[in-house]
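Peer 1: Quick check, what structure comes out for this input:
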Amino acid sequence: MFLSILDELTQKGRGIHAYGAAAKLAFAQAQAQPDHAAGFYVLGKIAEEFVDLHERMPLSTEALAQFFAHYEGVARTLETAHATGDAGKMLAALNAVCAAPSLPV
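Peer 2: Below is the predicted model of the structure:
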């Protein structure tokens, strides 16, 4: 479910514009799947903030790879928690993701 955002990001090339597309998809999925809106919103917000911070700045391939690894970790954390079917684990995953420091890219 949440990994569909990673698929979009990878399909679009993992660059700045890809993160913009991933944010739009995540926000659309939040509206389409209200039971999972919080997870999609978090993924959308992270992608959107990345675009806002780096939209007109050159980024190294290493920095993009580092941020993708971070973003992938967030998506996989949410996916793993969702797969358990336990609302408590999903809430714990959301809290962990939101409380974690942002990756300094």
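
Peer 1: could you say which helix or strand contains the most centrally placed residue in the chain?
Peer 2: Against the mean C-alpha coordinate of the chain, by C-alpha atoms, centre = their mean, the closest residue is L43 at 3.0 Å. Using DSSP states H and E, L43 sits within helix 37-54.

Peer 1: Which secondary structure elements does the helix or strand just after that helix sit against?
Peer 2: Next along the chain after helix 37-54, taking DSSP H and E as the criterion, comes helix 61-84. Judged by 3 or more C-beta pairs under 8 Å, 6 or more residues apart in numbering; DSSP states H and E, helix 61-84 is in contact with helix 3-11, helix 37-54, helix 87-99. From N, CA and C alone the C-beta is placed, and that goes for glycine too.

Peer 1: So for L43, what's the pLDDT?
Peer 2: L43 is assigned a predicted lDDT (pLDDT) of 96.

Peer 1: how deep is the closest residue in space to it that isn't next to it in sequence tucked in, by neighbour count?
Peer 2: The shortest distance from L43 to any non-neighbouring residue, by C-beta to C-beta, 6 or more residues apart in numbering, is to A26 (4.4 Å). Per other C-beta atoms under 10 Å, the neighbour tally for A26 reads 26.

Peer 1: same deal with T77?
Peer 2: If we define neighbours as other C-beta under 10 Å, then T77 has 19 of them.

Peer 1: now do L59
Peer 2: Number of residues near L59 (other C-beta under 10 Å) recorded here: 16.
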